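In: sequence first, then the predicted structure:
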Amino acid sequence: MNTGQPIILADRIDKEFLPFVTKPARYIGGEINQIKKNLSQCQLSYALCFPDVYEVGMSNTGMAIIYDVLNSIDSTAAERVFAPWSDAEDILRQKQIPLFSLESKAALKSFDIVAFSITSELCYTNILNMLDLGGLDVRSKNRSEDDPLVIAGAGMANCCEPIAPFIDLFVLGEAEHTVVQLTELIKAQRQAGTTKKQILLAVAKQFNWAYAPCLYEFQYDGEKITAFQPLEPGLPTEFENAVVDDFENAPVPLRPIVPFPQIIHERVSIEIMRGCPGRCRFCQASYCRRPVRYRSGEKIFELAKAACHATGFDTVSLLSLSTADYPHLEEVVARLHEYFNDKYVGISMPSLRVDQQLKLLPALLTSVRKSGITIAVEAATEKLRKIINKPLKDSDLFDAVSAAFGAGYKQLKLYFMVGFPGENMQDIAQIVRLSHELAKLRKAVDHRTANINITISWLVPKPHTPFAWLPQKPKQYFEDAKELILQEKKKLRAKSLQFKFHDIERSILEAALARGTRKAADVIETAWQKGAKFDLWNECFNAAIWQEAFEKHGLNLEDIAQRQFQVDEILGWQHLGGPEKSYLLKHLDQAMSLVEE
């Protein structure tokens, strides 16, 4: 790892870079509440990298927490690095300016640790691009002893094999405490003069949430894995997600950074609950982020008050995987409203789940923004909802929406997913009919039909879920479903319904990468070399590049996405945290028995 003085690029950035980019505020740093330490005086320095643009990365609560935690450690510094947009990348490459941090304008190679937060498979090419822009070889095996240690965490760490050859160490699960333990161990190892491999070995032997891919190998028979084994004696072959037991007192930034440019979620975000009581069979987070833990109402209030006074944000967002399941939600909202109402600070509650609780909320949410309410219905029929383990009754859904309209909400946003086992075209057409009926419920309030924005996504069978063994539906199935939905809307003359569809080819790529093995790394690198990056962005995603990359390595993208796994085969992610295989298979059996009814 780096042992020299940091390379500070401030002068070059001011003169050769910022005057030529379209959105310089993304790259200048210096925001209110940023933390800047003297890198040359710190024992260990982290470049916290988010593989997307500033506006997206600055909205990520996990990254904000880790930034705050690391900077609270003596003699440790953490600075932010985001993926430069294409115009900025062109200038960096043209003028040979390496990728840099916002706080000190230090070159990426100046840091001891380059740490990525990975929330989507479609960010993989951005990781390679950032490493390359920072002057680092994308392959771990080709990086030198003086290069930074490259680590990664967040949701994709639980299915990380497709990018394992690019990363030195993965941190599984919740990182508030693990990054502190990791920091102290690495400091001690460095003082002892150990090599990077010796550091990785020490970490792997001490922590069951740390996975160093270079210390393990797979054996294959075709596409099937026949063995997963360590290359050094005494190493574990199964890993666990780190869990913060005392969630009540888990770290939260009391002085969040106030961005200069407007970001996606410009608000104070307070996580009120971790984990989800539900077990929707398509949802990786509900199976990997366990157990369920709650913050007290008093703690939530104090955190919200401190963060608002330190930022001036006009919204407090109460975050969780299922906010309506928080047991003291009504009291918390009432207290926040009482304190913030005269300060013109509103309360936002994403991730609301429709059930008996939700019907009670609209009457209490006098301080919540009334522009619209969002509900993830997922499936339009009760049978399908039982199959996916989201037992929502139509009567509860109608009661909740009626109550929302009665409380002053004008618009409704619905999320549905297509591609579930047991689904048929009638189920898909019902998405339009159900949405149309919900829109008409507003007539009882003001004699007008509500505008409903409906987002349709395509099922990606995710690792660590019961549906992980199942094939994704073929591309033609999704195209037929999309056409049917639009035809049904026209048939019903449902002009108040506005449908937005996820890109089908992008969902197929996501399915192929999500359940991939290390063999997918060659495809990812080839796609990046051909120009793939910002694959989450409509204006950047190029399906043809990925098709060519898979074909170059003798693979068929759609065949991989549609692969059905046998229940007795070794899965490429089963060693990486998550529930027991037997538990997931029990859920799968229950789902398939409902399909057959």
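Out: Nice, thanks for sending it over.
In: residues in contact with residue 391?
Out: By CB atoms under 8 Å, 6 or more residues apart in numbering, the contact list for residue 391 reads 382, 385. Placement of C-beta: from N, CA and C, glycine included.
In: same thing but at 6 Å, please
Out: Residues near residue 391 by CB atoms under 6 Å, 6 or more residues apart in numbering: residue 385.
In: go on, residue 438?
Out: Taking CB under 6 Å, 6+ apart as the test, what residue 438 contacts is residue 401.
In: what about it, which helix or strand?
Out: In this assignment (DSSP states H and E), residue 438 forms part of helix 425-440.
In: check which residues of the next helix or strand after that helix are buried.
Out: Counting by DSSP H and E, the next helix or strand C-terminal to helix 425-440 is helix 443-446. Residues of helix 443-446 classed as buried: residue 445 (neighbour count, 16 or more other CB atoms under 10 Å).
In: name the next helix or strand downstream of helix 443-446, please.
Out: Remark: after helix 443-446, the chain's next helix or strand is strand 451-458, criterion DSSP H and E.
In: tell me the strands beside that following strand, with direction?
Out: Counting by DSSP bridges, the strands paired with strand 451-458 are strand 411-418 (parallel), strand 497-501 (parallel).
In: any idea which of the ones you listed scores lowest on pLDDT?
Out: For those, mean pLDDT drops lowest on strand 411-418, to a mean of 92.
In: contact partners of that one?
Out: Contacting residues not belonging to strand 411-418 are listed as 372-378, 428, 431, 450-459, 481 [CB under 6 Å, 6+ apart].
In: buried residues, it. List them.
Out: Under 16+ other CB under 10 Å, the buried positions of strand 411-418 are 411, 412, 413, 414, 416, 417, 418.
In: which of these sits closest to residue 439?
Out: Relative to residue 439, the closest of the buried residues of strand 411-418 is residue 412; by CB to CB it sits at 7.2 Å.
In: what about the closest one, distance to residue 437?
Out: 12 Å (CB to CB, to the nearest Å).
In: low-confidence ranges, the stretch 351-500 of the chain, go.
Out: The stretch 351-500 of the chain contains residues with pLDDT under 70 at 351-372.
In: could you list the domains of this structure?
Out: 10-230, 267-368, 370-502+566-597 (automatic domain parsing).
In: distance from the shortest one to the middle of the chain?
Out: With CA atoms, centre = their mean, to the nearest Å as the basis, the distance from the averaged C-alpha position of domain 267-368 to the chain average is 19 Å.
In: now swap in stretch 92-105 and tell me
Out: Its chain's C-alpha centre and that of stretch 92-105 lie 26 Å apart, by CA atoms, centre = their mean.
In: switch to numbering from 49
Out: With 49 as the first residue, the last one maps to stretch 140-153.
In: name the residues of whichever strand or helix holds residue 231 that are buried.
Out: Taking DSSP H and E as the definition, one finds residue 231 inside helix 226-239. Residues 226, 227, 228, 229, 230, 231, 233, 234, 235, 237, 238 are the ones in helix 226-239 that count as buried (16+ other CB under 10 Å).
In: closest to residue 165 out of the buried residues of strand 459-466?
Out: residue 465 (25.2 Å).
In: measure the closest one to residue 478 for me?
Out: The value you get for residue 465 to residue 478, if CB to CB is used, is 13 Å.
In: same deal with residue 178?
Out: Distance, residue 178 to residue 478, by CB to CB: 44 Å.
In: with residue 190 instead?
Out: Applying CB to CB, the value for residue 190 to residue 478 is 53 Å.
In: residue 200 too?
Out: 41 Å.
In: which one's more surrounded, the two?
Out: More crowded of residue 200 and residue 478, by other CB atoms under 10 Å: residue 200, with 24 against 17.
In: what residues are up against that one?
Out: When contacts are counted by CB under 6 Å, 6+ apart, residue 200 touches 164, 166, 215, 218.
In: quick check: next helix or strand after the helix or strand of the chain with the lowest mean pLDDT?
Out: Using mean pLDDT, DSSP states H and E, helix 404-408 stands out as the lowest-scoring helix or strand of the chain, at a mean of 56. Scanning forward in sequence from helix 404-408 by DSSP H and E, the next helix or strand is strand 421-426.
In: ok, and what's touching that next one?
Out: Counting by CB under 6 Å, 6+ apart, 402, 438, 452, 457, 460, 461, 462, 463, 464, 465 sit against strand 421-426.
In: same list (those residues) but as a markdown table, adding distance to residue 111.
Out: Compiled in a markdown table, the contacts of strand 421-426 are given as follows (distance: CB to CB, whole Å):
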| residue | distance to residue 111 |
| --- | --- |
| 402 | 30 |
| 438 | 29 |
| 452 | 32 |
| 457 | 31 |
| 460 | 31 |
| 461 | 26 |
| 462 | 29 |
| 463 | 24 |
| 464 | 30 |
| 465 | 27 |
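In: and of the residues you listed, the nearest to residue 594?
Out: residue 465 (22.3 Å).
In: tell me what that closest one is bridged to.
Out: For residue 465, the beta-bridge partners are residue 505 (DSSP bridges).
In: how far away is it from residue 366?
Out: For residue 465, the distance to residue 366 (CB to CB) stands at 24 Å.
In: ok, now residue 256?
Out: For residue 256, the distance to residue 366 (CB to CB) stands at 32 Å.
In: what do you get for residue 296?
Out: Separation of residue 296 from residue 366 (CB to CB): 16 Å.
In: let me see the ranges of the strands in the stretch 49-198 of the chain.
Out: 92-98, 124-130, 161-165, 197-201 (DSSP state E, counting those that start in this stretch).
In: would you mind giving those strands as a markdown table with mean pLDDT and distance to residue 116 added?
Out: As requested, the strands of the stretch 49-198 of the chain are exported to a markdown table (pLDDT from 0 to 100; distance: least, CB to CB, whole Å):
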| stretch | mean pLDDT | distance to residue 116 |
| --- | --- | --- |
| strand 92-98 | 98 | 11 |
| strand 124-130 | 98 | 9 |
| strand 161-165 | 98 | 14 |
| strand 197-201 | 98 | 15 |
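In: Serialize those to JSON lines and add fields for distance to residue 386.
Out: Below are the strands of the stretch 49-198 of the chain laid out as JSON lines (distance: least, CB to CB, whole Å):
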{"stretch": "strand 92-98", "distance to residue 386": "36"}
{"stretch": "strand 124-130", "distance to residue 386": "35"}
{"stretch": "strand 161-165", "distance to residue 386": "35"}
{"stretch": "strand 197-201", "distance to residue 386": "38"}
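In: so for residue 84, which of these sits nearest?
Out: Of all the strands of the stretch 49-198 of the chain, strand 124-130 sits nearest to residue 84, with 7.7 Å by CB to CB.
In: follow-up on the earlier one: so which of the domains of the chain is nearest residue 578?
Out: For those, the distance to residue 578 is smallest for domain 58-278, at 9.6 Å, taking CB to CB.
In: need the distance between the two termini of the closest one.
Out: One end of domain 58-278 sits 44 Å from the other (CA to CA, to the nearest Å).
In: state the distance from residue 80 to residue 358.
Out: If you measure residue 80 against residue 358 using CB to CB, the figure is 8 Å.
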